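Undergrad: sharing a model prediction with you, sequence too.
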Amino acid sequence: MKFKTNLINGKIFSQENNKAHTLFDKSNMGSIFKQGIIELNLYEAMYLLEKRKIDLFFKNELLTDDQIINKFVKLDKQFLNNYCVYKDLRSKGYILKSGFKYGSNFIVYPKGKKPNKTHSKWICFVKKESDKLNLYEFASKHRIAHSTKKNILIAIILNDNNSILYYESNWIKP
């Protein structure tokens, strides 16, 4: 069920809507754009490219894997780190969507839950092992999570082998 997509102004749109809608309904990949066109974010597109579910075109030219990665990194400097976490969580059955409105990398839905049927459980922040996180930044992340009834999920990419450690944090009243 492979289908064609186009990279237009930094966004990825389906060309074959029936196949894209089937994927959207089945696995919550993408979001519905104007006139029923499915829009994929960079991480969803990369995941589907690796699974050989889509082809990506730019100006009617089929892009190679190297061209795709170069374009995605130009659009998002942290793409490789963020995608590492996206791929890991998605392969474990979680649904991830953009966390932009929460000031995070992703929002994460519990396994088996659909984004339009339930609320996300976590606000996910991606950090490298060498990154610093100060107390004020951590507290502000908690305020956002608490006010939206979510927990924080911090994904730390280890420098030595790109494995990921996850830490969950929530706000409790003593």
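TA: Ah, there it is.

Undergrad: where does the protein dip in pLDDT?
TA: 173-174 (pLDDT under 70).

Undergrad: domain boundaries for it, per the record?
TA: Domain ranges of the chain: 3-75, 79-169, per automatic domain parsing.

Undergrad: ok now the last one, how far from the chain's centre?
TA: Relative to its parent chain, domain 79-169 has a centroid offset of 9 Å by CA atoms, centre = their mean, to the nearest Å.

Undergrad: quick check: end-to-end length of it?
TA: Terminal residues of domain 79-169 are spaced 24 Å apart (CA to CA, to the nearest Å).

Undergrad: want to throw the domains of the chain into CSV with mean neighbour count?
TA: No exception for glycine: its C-beta is placed from N, CA and C like everyone else's. Listed next are those as CSV, based on neighbours: other CB atoms under 10 Å:
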stretch, mean neighbour count
domain 3-75, 16
domain 79-169, 16
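
Undergrad: close enough to count as contact, residue 95 and residue 114?
TA: Yes. Taking contacts as CB atoms under 8 Å, residue 95 lies within contact range of residue 114: 7.3 Å.

Undergrad: okay, and the common contacts of those two?
TA: When CB atoms under 8 Å, 6 or more residues apart in numbering defines a contact, the residues bordering residue 95 and residue 114 alike are residue 28.

Undergrad: okay, and the beta partners of residue 108?
TA: Going by DSSP bridges, residue 108 is paired in beta bridges with residue 96, residue 122.

Undergrad: please verify my assumption that it contacts residue 90.
TA: No. Counting by CB under 8 Å, residue 108 does not reach residue 90; the two are 9.6 Å apart.

Undergrad: what do these two both touch?
TA: Taking CB under 8 Å, 6+ apart as the criterion, residue 108 and residue 90 both touch residue 96.

Undergrad: what's the closest non-adjacent residue to residue 104?
TA: Leaving aside its sequence neighbours, residue 104 sits nearest to residue 123 (CB to CB, 6 or more residues apart in numbering; 4.5 Å).

Undergrad: ok, the residue nearest to residue 39 when sequence neighbours are not counted to residue 109 distance?
TA: Using CB to CB, 6+ apart and skipping residues adjacent in sequence, the residue nearest residue 39 is residue 33, 4.2 Å away. Counting by CB to CB, to the nearest Å, the separation of residue 33 from residue 109 is 20 Å.

Undergrad: now for the helix or strand hosting residue 47, which elements pack on it?
TA: Using DSSP states H and E, residue 47 sits within helix 42-50. Counting contacts by 3 or more CB pairs under 8 Å, 6 or more residues apart in numbering; DSSP states H and E, helix 42-50 packs against strand 11-14, strand 54-58, helix 65-75, helix 79-91.
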